[in-house]
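Just to be clear, the model below is a prediction. Sequence and coordinates:
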Amino acid sequence: MAAKSLLETLAPNLLRNYRRNQGQRRAALTSRGYVRPGGGTAAVIRAPKEWRGSTRQVCGMWPFAAGSGAPLMGVPIGPDLVTGNTVALDMISAFTAKYIQNPSTAIFSLPGMGKSTLVKHLLLGHDAFGFFSRVLGDIKGEYDQVIEAMGGVVIPLGPGRGNINPLDPGEAYDAAKELRAAGVDPTAMLDDLHSRQRALMAALITITRKRLLEEVEDNILDLGIRILRETFDGIPLIQDLLEVIESAPEPLRQVAMDRGEDDRYRDATEPLCRSLRGMISGGVLGTMFSKHTTRRASLRQHASWNLAAIGDHNPEMQAAAMLATWSAGYADVNVAHALADAGIIEPINYVLPMDEFWKPMSIGRGLVEKADTITRLNRNDGIGQYFVFHTLKDFEAIADPADRKRAMGFIGRCGIIISGGQREDELEAINKVVRLSKDEERAIVGWGDAQKLSSRTTDEIEDDDHWEATSGTGLSSTPVRPRRRHPGEGKFLIKVGATPGVTVDVRLTPIEQDGKFTDTNSRWKMQEG
């Protein structure tokens with residue numbers, strides 16, 4: 001009795017629950033447990049993980065296998081971080097299935113989170129589906145290996161490495177002959193080429209001056225390029241355009257409104273001629289744009305324009321080279337469309353990755369409009385575009401508010417938004433483009449939080465999360481502490497419209513895992529003694 005009295009004194013609730021449970025032993029067992037105090041009732045039941053397999057693999061389980069909500073169309077990416085199901089999705093497959101209206105994707109994450117690796121993984125998948133990739137302005141040279149592995153060509157640009165002529169028609173002139181022979185008028189295709197060349201030349205001059213062209217200069221430039229195309233035999237250079245303007249043909253004199261006075265014509269054209277001469281003699285942009293194009297890719301060929309020789313220390317030349325590669329790449333796409341529409345060639349599908357694409361538009365006011373003209377296509381069918389960058393705050397480098405808003409429009413129109421690890425202060429900007437749930441916000445901020453790395457124990461690090469490095473001196477191959485993989489590396493949130501996002505862990509094929517395609521920091525390799 002003394003012991004019982006002590007129990008009643010010290011733990012009356014425990015004794016009361018014990019007596020109550022004795023009287024409820026026969027309570028019904030539900031799907032959530034015994035509905036009684038202490039019965040283990042679960043308020044929330046997590047859905048079990050779901051797995052997919054082919055009918056050959058799981059035929060013995062039929063008809064008990066169930067469907068899943070994870071997308072399974074296009075390029076396989078990796079397992080869903082929630083369900084474990086394989087996620088397969090790309091913008092072309094989603095577009096052809098009418099899930100999205102615009103076959104374009106914005107991919108952004110903090111540095112080192114694997115966004116370039118994801119893009120290269122997707123390019124390999126697109127290659128398997130018969131798409132040709134054109135990497136327009138690879139500023140780090142990190143796409144060389146994957147393009148060459150797919151049988152493509154790498155086109156180096158930069159001082160002493162390669163030139164690109166902004167007035168080069170590419171395949172357009174030969175295509176025009178084929179179209180005429182087939183009884184098709186090539187005017188629309190040639191007008192498209194002219195529009196890109198004019199926009200590119202105006203952009204290059206804007207970069208060198210750091211200000212826009214005057215209206216009369218823009219009109220003279222436009223007409224000068226038209227005259228050059230009609231009168232010049234061969235592929236013209238900037239020097240040839242300068243000579244046309246300086247020769248003062250009557251159509252240009254009328255545009256300049258010189259009223260028959262040579263001095264008035266020289267006054268109207270002198271600033272433009274000065275800018276063109278500077279591009280020839282090697283000013284801010286060097287002589288990379290004043291010579292014939294060093295190398296071109298055929299229409300049915302993977303290609304990458306390598307700009308690694310132009311460092312970040314020369315942002316003007318880097319931006320100019322990126323714009324020039326955009327013009328060349330999109331012009332080829334439009335030529336391929338024109339030939340395919342005429343039945344001369346089979347349709348060609350292209351994928352166009354544009355890494356750090358915000359950079360050219362941040363150099364000067366008005367360049368966003370030029371970039372929009374350069375990258376515009378008459379037909380978007382069969383074309384996929386990747387816009388790759390670090391964070392949406394990159395666009396704050398675009399000083400003019402109107403230009404910044406227009407540049408953000410590139411992202412807002414994308415059919416698919418893919419975000420890797422981000423800082424918390426990025427959430428407001430991201431939510432202006434695509435609405436995130438609280439769970440989605442926590443996911444991408446968690447992936448970007450480097451502090452989480454220190455909280456992981458050695459047992460939590462998976463085999464593929466580390467590798468054996470050599471000592472920091474580079475003189476010994478003595479193994480040192482394994483590299484810990486950042487917890488957010490390779491993890492992405494995929495948003496398609498307003499639907500709930502899918503979190504995925506990118507899984508690479510054995511060929512990709514050897515580092516040949518995924519190493520974006522090749523200059524930091526340790527040497528073995």
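Nice, I can see it.

in the stretch 51-200 of the chain, which spans are helices?
For the stretch 51-200 of the chain, the helices defined by DSSP state H, counting those that start in this stretch cover 55-58, 91-96, 115-128, 144-149, 172-181, 187-209.

Nearest to Val496, out of those?
With CB to CB, the closest approach to Val496 among the helices of the stretch 51-200 of the chain belongs to helix 91-96: 6.6 Å. C-betas here are computed from N, CA, C, even on glycine.

Would you mark the buried spots in the closest one?
In terms of neighbour count (16 or more other CB atoms under 10 Å), helix 91-96 has its buried residues at Met91, Ile92, Ser93, Ala94, Phe95.

Just give the nearest non-adjacent residue to the fourth one, would you?
Spelled out, that is Ala94. Ile100 (4.8 Å; CB to CB, 6 or more residues apart in numbering).

got a list of what that neighbour touches?
Met91, Ala94, Gly415, Ile416, Val496, Gly497 (CB atoms under 8 Å, 6 or more residues apart in numbering).

Please identify which of the residues you listed is nearest to Lys177.
Looking across the contacts of Ile100 and measuring by CB to CB, the closest to Lys177 is Met91, at 34.1 Å.

Touching, that closest one and Phe387? I think so.
No. Using CB atoms under 8 Å, Met91 is not in contact with Phe387, being 11.0 Å away.

any common contacting residues for those two?
What both Met91 and Phe387 touch, as defined by CB under 8 Å, 6+ apart, is the set Ser104, Thr105.

Contacts only, for Gly84.
Contacts of Gly84 (CB under 8 Å, 6+ apart): Lys49, Glu50, Trp51.

ok, of those, which come out buried?
For these, buried by 16+ other CB under 10 Å: Glu50, Trp51.

The stretch 201-350 of the chain: strands as residue ranges?
Taking DSSP state E, counting those that start in this stretch to define them, one finds strands in the stretch 201-350 of the chain at 303-306, 350-355.

Out of those strands, flag the one nearest Thr269.
Nearest to Thr269, of all the strands of the stretch 201-350 of the chain, is strand 303-306, at 32.1 Å by CB to CB.

Sheet partners, orientation included, of the closest one?
strand 132-138 (parallel), strand 153-156 (parallel) (DSSP bridges).

Can you say which of those strands is packed in most?
strand 132-138 (a mean of 26; mean count of other CB atoms under 10 Å).

how close does Met73 get to Tyr99?
Going from Met73 to Tyr99 by CB to CB, to the nearest Å gives 8 Å.

neighbour count winner among the two?
A direct count of neighbours by other CB atoms under 10 Å for Met73 and Tyr99 places Tyr99 higher, at 17 against 14.

residues in contact with the nearest residue to Gln239 once chain neighbours are set aside?
Among residues not flanking Gln239 along the chain, Ile280 sits closest, at 5.6 Å (CB to CB, 6+ apart). Contacts were defined as CB under 8 Å, 6+ apart; by that measure Ile280 touches Ile238, Gln239, Leu242, Thr287, Ser290.

Try it again at 6 Å.
Ile238, Gln239, Ser290 (CB atoms under 6 Å, 6 or more residues apart in numbering).

what pLDDT does it get?
Looking at Ile280, its pLDDT reads 91.

what's the answer for Leu122, then?
Leu122 carries a pLDDT score of 95 in this model.

And for Gln22?
55.

Can I get the helix or strand where Asn431 lies in PDB? Just the C-alpha atoms.
Using DSSP states H and E, Asn431 maps to helix 427-433. Taking Å, rounded to 0.1, in the frame of the first residue of the first chain, the C-alpha atoms of helix 427-433 are listed here in PDB:
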ATOM      1  CA  LEU A 427      13.800  34.200 -52.400                       C
ATOM      2  CA  GLU A 428      12.000  37.500 -52.900                       C
ATOM      3  CA  ALA A 429      13.400  37.900 -56.400                       C
ATOM      4  CA  ILE A 430      12.700  34.200 -57.300                       C
ATOM      5  CA  ASN A 431       9.100  34.500 -56.200                       C
ATOM      6  CA  LYS A 432       8.600  37.400 -58.600                       C
ATOM      7  CA  VAL A 433       9.400  35.000 -61.400                       C
END
